[in-house]
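Engineer: give the three-dimensional model of this entry:
(one chain, ligands or ions: 1)
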Amino acid sequence: MNNQSESPDSYYLHSANNITTRRQLTESVDADVCVIGGGYTGLLTALNLAEKNYKVVLLEARKVGWGASGRNGGQVGSGHNKKINDLENDYGKDLATRLWDLAEDAKPLSPVQQDQMRLGADYYLNRCAICHGADGKGITSLAPTLVESVWVTGPSEILARIVLQGLQGPIEVQGETWNAMMPGHASVPDFDDETAAGLLTYLHRAWGHAGRAIDPKFIARTRVEISDHRGLWTVKEFEDLEINTHYRKYVGRYGGGAFSLNFEFDGRDLIVQSIYFNGPMVEQKEDHFFFEPREFSVEFVWDENNEISAVRVPLQGGVELPRVRD
Ligand code: HEC
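Structural biologist: Numbering: from 1, shown residues only. Predicted coordinates for the structure are as follows:
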């Protein structure tokens, strides 16, 4: 290692733009918050606080990005160091779920997704809150709760159909049976694909939910799929519906030679197949799946062309199996 003031030699050092040498702190300064350490965590903390108008000072003993942050490929991950199953065993399901949601909520949406979610949130307040309440908790004898409702946190194919074409009971929501009617919004003029996608994203992330962002293309596709459907949807119809269609993008073969995994979609579940094991996987969060019988999770990896290029498996601490292209 070279002397303390120089960064370790790395690709990142050689490809960095504008390396600014900051001066040493010699005097005393006043700040609301002092962040110690200029790695990813420290820099992001300081930036977020400064954007919220706090006066922030960041101290770094060597150079910004001197430590691990300066020499590894950065990834945004919302998982915890400990596996979620271990957290659940150690702290119970409630606390483990709260830890999960906390990390999931911290994962930012892209600026486009945020704009769409704002459109969706406005739509909710103008058009849905009147029956379901601004807090989503429902209104007695008018409309059921949306908070932690499986119809909201569950498959988006169902949620999109309810919102677009309406719903006819009976339906069970959080243990209560409702037998009423909800009109659809498909023909409301300002309910375009962006607003509808933003509304679903909002429902997925409001009130402590930690679900995925929904793409306007998904709404456009759904409108086509349901164009022949007449009347309000019923729960009975949902039982036959193909759900989790977003799993299709993972289908394919990964790896090769000694170890390969195949993923299939059966209209409901993502099925993993290999010479050692077979069966449905549970989606934990976007691109992360868990295989219960063997207690392992996999993560699908995207490349710069926005295509899924590999799956990361926990073999020997983490191996990427590249997708096999035919
Ligand atoms: C006129 C009142 C009314 C409006 C406006 C309304 N809903 Fe509903 N909603 C209902 C009723 C009543 C039910 C239960 C219907 C049943 O019994 O089948 C329901 C059920 C639901 C459900 C499934 C059950 C649950 O609680 O999870 C969802 C999801 C939902 N509505 C979302 C929305 C969204 C999103 C909007 C705005 C786009 C909206 N609703 C607007 C009255 C309304």
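Engineer: let me see the contact set for the nearest residue to Glu176 once chain neighbours are set aside.
Structural biologist: Take Glu176 and drop its neighbours on the chain: the residue closest to it by CB to CB, 6 or more residues apart in numbering is Pro144, 6.6 Å away. Glycine gets a C-beta too; all of them are placed from N, C-alpha and C. Applying CB atoms under 8 Å, 6 or more residues apart in numbering to Pro144 gives the contacts 132, 138, 171, 173-174, 176, 178.
Engineer: low pLDDT regions in the stretch 1-150 of the chain?
Structural biologist: For the stretch 1-150 of the chain, the stretches with pLDDT under 70 are 1-6, 73-78, 101-102, 104-107.
Engineer: would you mind listing what in it touches the ligand?
Structural biologist: Residues of the stretch 1-150 of the chain lying close to the ligand (CB under 6 Å from any ligand atom) are 127-128, 130-132, 143-146, 149.
Engineer: which of the residues you listed count as buried?
Structural biologist: By neighbour count, with 16 or more other CB atoms under 10 Å, those hold 127-128, 132, 143-146, 149 as buried.
Engineer: need the residue closest to the centroid of the protein.
Structural biologist: Nearest residue to the geometric centre of the chain (CA atoms, centre = their mean): Arg212, 4.3 Å.
Engineer: now, which of the contacts of Pro144 sits nearest Ala197?
Structural biologist: The nearest member of the contacts of Pro144 to Ala197, counting by CB to CB, is His132 at 18.9 Å.
Engineer: what's the helix or strand hosting Val152 packed up against?
Structural biologist: According to DSSP states H and E, Val152 maps onto helix 150-153. Under the contact definition 3 or more CB pairs under 8 Å, 6 or more residues apart in numbering; DSSP states H and E, helix 150-153 sits against helix 156-165, helix 193-205.
Engineer: list the contacts of the first one.
Structural biologist: With CB under 8 Å, 6+ apart as the contact definition, helix 156-165 has outside contacts at 151-152, 182, 184-186, 196, 199-200, 203-204, 212, 214, 218-219, 222-223, 226, 229, 231-233, 238, 241-246.
Engineer: helices of the stretch 1-150 of the chain, start to end?
Structural biologist: 11-15, 40-51, 84-91, 93-106, 111-123, 129-132, 150-153 (DSSP state H, counting those that start in this stretch).
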